[in-house]
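Trainee: Okay, sequence plus prediction incoming.
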Amino acid sequence: MRGLPAGSTERVLPTAKSLLASLVVVRACESLASARGGDQHVAILQRMFAGDWPRAFPARLPVAYSVDDSPLMPLILRWFAILSLALAAGAGLPQEGRGQADPPLVAVGSAESRLLADAADGSLDRQSLFRASLVAGGVADDAELNFWQQRFDALCESLDAKHTDESRFTPQELFAFLHSQILTGHYQASVTTLPETLRSGNYNCLTATILFISIGERYGVPIEAVSTSGHIYCRLPDNGPLDIETTQPDWDKARNVQSAVSEENRRLPSRCINHVQVVAKIYYNRGLELLGRKQFEPAVSLLQRSLRLDPQDADARENLLAAYNNWALFLAEGERFAEAADLLRRGQELDASYPPYRANYLHVYQRWAAWHCARHEYASAIDVLERGSRNHPDAPLFITGPRTVYAQWLEWHLKRGEYQRAAEVLAAANRRLDQDAIARLQAHVQLTIED
């Protein structure tokens, strides 16, 4: 049986024989798609892939740059399920709409514009680490920058009076001053900007490190920053070198950095980082905080800044990838499927091998097609699946999905007695499905008619 071409005005008579043949075609489509029983369109489309495609894969995020008694969450993401063999061996991610990478970063004010311009060559030439850190922490105007600079200068007045060219301070003396005059509160992991620390006296490893380096610069004592995953501390290059845990007020204990971090972190690689890379950690921490609140757009912007200033930061890169991934899932939950697919594309431009993108690409397109089916927008569902299949043609979703949609589409019209439209759907299915599927449909129809 062949359906009439789309647009034909000839009436299809609902004879018992033609109706029977049409119903057989519907059931044949359903059997080919492994969609058995039930009248719910979304449920049928979802059941079809119960064993062939994974659920959504949100990405776990590492903690911010702060020390803690508990082990650092592993950077490698843990999955809620195992990727299927078909998916693991599948084609790459979608390429549609590809061409432009993320747009250049747009500074939020003149202070940040100056910071990004100064840091473009990988070093700070026109401003101090202290001032750059204020800007990265969200201080936007010169008046506020000057306020906090004056606050820091006032705290250092007692040292200024003692400092002479003939008498240099030792690192231990500067460290003691830091904890007696500035870090007068307690360690608090969430305190990640200098204004918070200067206002309250509380600190984390990042703000304590920035302030120790800034005091050293003021009095000619070289102090370097050392970064490992989730933590940052100081190194005295002229003393051995000697590593210093800036969150530990006691000097003797501060000299034993390894005791301040978890056993797991002790095995992680470390690297010396410059002032620009230290500033990047402030953007990173702020981005993670917003990710925790599901404020994805500003979080991505901050993580982009962090990675731009320190392209070697694996944590920032991993979390930017995770941010795109989780933002896409968040949009898909809100039925904003086109935007979700575009975010996965943007994430792919950073790292096409990132595993969640392959899984969630299928997840988003499946949800998208099912959403159209639930509204009886079957033509749109077919278009969505065909669009997705361009770059993932071997995925079960795109092989069997169109057959199920056509089956539901036919049944919808037949139940409503819309035989002309059912015939047009059959004609469209014959044009768009593969030859094997068409042959099997015709065989089922012929056998049923003969019986």
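Mentor: Cool, the structure landed.
Trainee: And Ile223, what's its pLDDT?
Mentor: pLDDT recorded at Ile223 is 96.
Trainee: Kindly report the same for Ser262.
Mentor: 56.
Trainee: And for the one 10 residues further on?
Mentor: In the predicted model, Cys272 carries a pLDDT score of 94.
Trainee: Report the secondary structure state of it.
Mentor: Put simply, Cys272 is strand when judged by DSSP: H, G, I helix; E, B strand; the rest coil.
Trainee: Same question for Ala140.
Mentor: Relying on three-state DSSP, one would call Ala140 coil.
Trainee: my guess is it meets Gly109, correct?
Mentor: Yes: with contact defined as C-beta atoms under 8 Å, Ala140 reaches Gly109; the gap is 4.3 Å. To be clear about C-beta, it is placed using only N, CA and C from the backbone, and glycine gets the same treatment.
Trainee: For stretch 378-386, list every residue counted as buried.
Mentor: Buried residues in stretch 378-386, counted by 16 or more other C-beta atoms under 10 Å: 378, 380-382, 384-385.
Trainee: Heading C-terminal from the lowest-mean-pLDDT helix or strand in the chain, find the next helix or strand.
Mentor: Within the chain, confidence by mean pLDDT, DSSP states H and E is lowest for helix 85-88 among all helices and strands, at a mean of 26. Remark: after helix 85-88, the chain's next helix or strand is helix 110-119, criterion DSSP states H and E.
Trainee: If you count contacts, what does that following helix end up packed against?
Mentor: helix 129-136, helix 142-155, helix 275-292, helix 296-309 (3 or more C-beta pairs under 8 Å, 6 or more residues apart in numbering; DSSP states H and E).
Trainee: which outside residues touch the first one?
Mentor: Which is helix 129-136. With C-beta atoms under 8 Å, 6 or more residues apart in numbering as the test, helix 129-136 has contacts from 111-112, 114-115, 118-119, 124, 144-145, 148-149, 152, 193-195, 210-211, 213-214, 217, 275-276, 278-280, 282-283, 286, 305.
Trainee: Using PDB, list the CA coordinates for that helix.
Mentor: Provided in PDB are the C-alpha atoms of helix 129-136 (Å, rounded to 0.1, in the frame of the first residue of the first chain):
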ATOM      1  CA  LEU A 129      48.700  42.200  42.800                       C
ATOM      2  CA  PHE A 130      46.700  43.700  45.600                       C
ATOM      3  CA  ARG A 131      44.800  46.200  43.400                       C
ATOM      4  CA  ALA A 132      44.300  43.600  40.600                       C
ATOM      5  CA  SER A 133      42.800  41.200  43.200                       C
ATOM      6  CA  LEU A 134      40.400  43.800  44.300                       C
ATOM      7  CA  VAL A 135      39.200  44.300  40.700                       C
ATOM      8  CA  ALA A 136      38.900  40.500  40.200                       C
END
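Trainee: quick one: buried residues of that helix?
Mentor: Quick answer for helix 129-136 (16+ other C-beta under 10 Å): 129-136.
Trainee: how far off helix 296-309 does that helix point, in degrees?
Mentor: Between helix 129-136 and helix 296-309, the angle comes out at 150 degrees (axes from the mean of the first three to the mean of the last three C-alpha atoms, to 10 degrees).
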